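Student: next one to model:
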Amino acid sequence: MLVLAHVSDIHIDSEPRSIERAARVFDYLKGLPGEIDAILVTGDLADHGLAEEYETVAKLFSGPRTLLHCPGNHDSRGPYREILLGESASDEPINRVHRVGDAVFAMCDSSIPGRSDGFLAEETLTWLETVLIEADDTPVFVCFHHPPVVLHVPFVDGIKQHGEERLAALIMRYPNVVAVLCGHAHTGATTTFTGLPLLVAPGVVSTLMLPWETDKIVDLDAPPSIAFHILDDDHRLTTHYRVISPRL
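Tutor: Reported below is the predicted structural model:
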């Protein structure tokens, strides 16, 4: 059995608010009495893509638990690489593969520098296919920031991942893909993509409101939330969502 904590959209900036909310989430995860296999953070780690923001992110990410991450549209590839990955600055897509237990995680870069919407570059799709081939029969989670589907929330649907038919054609060729994990929407959501689970993590920094809930777009006061994904020995995936309230 594999247990994953799925976090997204921490949007760290210079303000105490974003840092407190993210720290609340990571303190909760680091303090869990039971074991989890990994923490996944699906993008928008920094709010302005600044080096000092990534320095704060690096401190939040420190600790003994396995932590995997990928960039979002608010991230900047240069300082992201330098501070979080210890690499030279480059504007190439940041794609990384990790093996955790009996599963493989393809952390893909769906960002387009200077834009809010998403797209998987051809080099990213080529890289992903190599990951899927080399994984053989091992379960694979495909992870990125931008949802490749409409979530029926106008604000986020306008800046979704485009060109998703290319990703769909690729995934359909490889039955070892068990789910697609993403963020960007600032609201927890579950749907399907090519018949597989597509699971959207809630936002940490804020919650996007649904159009039939209220006239405002975002709620800055709602507490941060996360998702727990469990892949059992039969490769059945179960997800629980958890609100992280302030400690009293």
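
Student: which residues of the chain fall in helices?
Tutor: 16-30, 51-61, 77-79, 122-135, 154-157, 164-171 (DSSP state H).

Student: got the angle for the longest one vs helix 51-61?
Tutor: Comparing the axes of helix 16-30 and helix 51-61 via axes from the mean of the first three to the mean of the last three C-alpha atoms, to 10 degrees yields an angle of 30 degrees.

Student: contacts for helix 16-30, please.
Tutor: 5, 7, 10-12, 36, 39, 47, 56, 60-61, 63-65, 204-205, 224, 226, 244, 246-247 (C-beta atoms under 8 Å, 6 or more residues apart in numbering). All C-beta spots, glycine's among them, are computed from the backbone N, C-alpha and C.

Student: 10 Å - rerun?
Tutor: For helix 16-30, the surrounding residues in contact (C-beta atoms under 10 Å, 6 or more residues apart in numbering) are 5, 7, 9-13, 36, 39, 41, 45-47, 53, 56-57, 59-65, 67, 203-206, 220, 223-226, 228, 242, 244-247.

Student: re the thing from before, quick one, which of the helices of the chain is nearest to Cys108?
Tutor: helix 122-135 (5.6 Å; C-beta to C-beta).

Student: for the closest one, list every residue counted as buried.
Tutor: Thr124, Leu125, Trp127, Leu128, Val131, Leu132, Ala135 (16 or more other C-beta atoms under 10 Å).

Student: would you list those in a markdown table and tack on pLDDT and distance to Ser90?
Tutor: Converted to a markdown table, the buried residues of helix 122-135 look like this (pLDDT from 0 to 100; distance: C-beta to C-beta, whole Å):
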| residue | pLDDT | distance to Ser90 |
| --- | --- | --- |
| Thr124 | 98 | 14 |
| Leu125 | 98 | 19 |
| Trp127 | 98 | 15 |
| Leu128 | 98 | 19 |
| Val131 | 98 | 20 |
| Leu132 | 98 | 24 |
| Ala135 | 96 | 26 |
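
Student: same list (these) but as TSV, adding distance to Asp75.
Tutor: Converted to TSV, those look like this (distance: C-beta to C-beta, whole Å):
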residue	distance to Asp75
Thr124	15
Leu125	20
Trp127	18
Leu128	19
Val131	21
Leu132	25
Ala135	26
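
Student: who's in contact with His11?
Tutor: 17-18, 21-22, 43-48, 53, 72, 74-75, 186, 203-206.

Student: now those residues: which count as buried?
Tutor: Applying 16+ other C-beta under 10 Å to the contacts of His11 flags 18, 21-22, 43-47, 53, 72, 74-75, 186, 203-206 as buried.

Student: close enough to count as contact, Pro139 and Ala106?
Tutor: No - between Pro139 and Ala106 there is no contact under C-beta atoms under 10 Å: 11.3 Å.

Student: centre-most residue in the chain?
Tutor: Thr42 (1.4 Å; C-alpha atoms, centre = their mean).

Student: pretty sure that residue is touching Gly72, no?
Tutor: Yes - at 7.3 Å, Thr42 counts as touching Gly72 under the criterion of C-beta under 10 Å.
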